[in-house]
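Asks: sequence and predicted structure below; questions after.
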Amino acid sequence: MPNASFQPSADARLLVQHMQKAHVGQVFSYEDLSNVISRGVDGSSTALRTALRRLLRDHDMVFACIKGEGVKRLNDAEIVAEGGTVADAIRRKANRSVERQMKADFSRLSREQQGKFTAQVSVMASIAMMTKSKQMDRIAEASPSGVKELPIAQTLAMFSRSAS
């Protein structure tokens with residue numbers, strides 16, 4: 001049985017065709033994008049989300065939403081800055097997850113649930129610690145020049161040195 005493959009909607013395909021010609025720094029207003037597909041587009045539109053994923057994956061183009069305005073094709077520095085913004089959001093979400101989990105009465109949980117609780121809280125607390133800007137700065141400073149990505153084991157080792 002062949003694997004089903006995702007086919008973007010006609011609206012998403014039209015948006016990709018329109019946006020794939022974008023130069024770095026170009027902004028597409030929601031009004032402009034709405035005109036392309038003859039229906040309303042905003043930052044949460046399914047067709048736009050699909051088009052942005054396709055442009056990223058198939059055309060190496062990174063866009064970001066500009067609240068209430070449209071989407072902008074990011075330059076390299078903006079892409080890196082966006083990564084920091086995402087790390088901040090992940091840290092906040094991980095902290096909230098730990099806070100919510102800690103409201104459970106651990107003693108009332110089954111052994112299986114206690115194991116899941118421990119794993120989830122431990123991982124989320126680790127993520128929250130690792131995504132602090134101070135920790136990110138430490139990794140950046142320790143990274144050899146010209147290295148795009150460190151191996152996971154090496155990155156984790158840097159955190160274990162800071163925890164001891």
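Replies: Structure's in. What do you need?
Asks: looking at it, residue 27 is touching residue 64, isn't it?
Replies: No - using C-beta atoms under 8 Å, residue 27 is not in contact with residue 64; the gap is 10.1 Å. In short, each C-beta sits where N, CA and C put it, glycine included.
Asks: what's the overlap in contacts for those two?
Replies: 71, 72 (C-beta atoms under 8 Å, 6 or more residues apart in numbering).
Asks: mind listing what's buried in the worst-scoring helix or strand of the chain on mean pLDDT?
Replies: When each helix and strand of the chain is scored by mean pLDDT, DSSP states H and E, helix 152-163 comes last, with a mean of 79. Buried residues in helix 152-163, counting neighbours by 16 or more other C-beta atoms under 10 Å, are absent.
Asks: list the contacts of the closest residue to residue 79 other than its chain neighbours.
Replies: Nearest non-adjacent residue to residue 79, counting by C-beta to C-beta, 6 or more residues apart in numbering: residue 62, 5.1 Å away. The neighbours of residue 62, taking C-beta under 8 Å, 6+ apart as the test, are 56, 73, 74, 79, 82.
Asks: which one in the residues you listed is the model shakiest on?
Replies: Ranked by pLDDT, the contacts of residue 62 bottom out at residue 82, which has 92.
Asks: that one: which element?
Replies: helix 76-101 (DSSP states H and E).
Asks: and that helix, what does it pack onto?
Replies: Secondary-structure packing of helix 76-101 (3 or more C-beta pairs under 8 Å, 6 or more residues apart in numbering; DSSP states H and E): helix 111-130, helix 133-142.
Asks: does residue 18 count as helix, strand or coil?
Replies: helix (DSSP: H, G, I helix; E, B strand; the rest coil).
Asks: where's residue 133 relative to residue 127, distance?
Replies: Residue 133 is 14 Å from residue 127, where distance means C-beta to C-beta, to the nearest Å.
Asks: is it fair to say residue 64 lies in a helix?
Replies: No - read with three-state DSSP, residue 64 is strand and lies in no helix.
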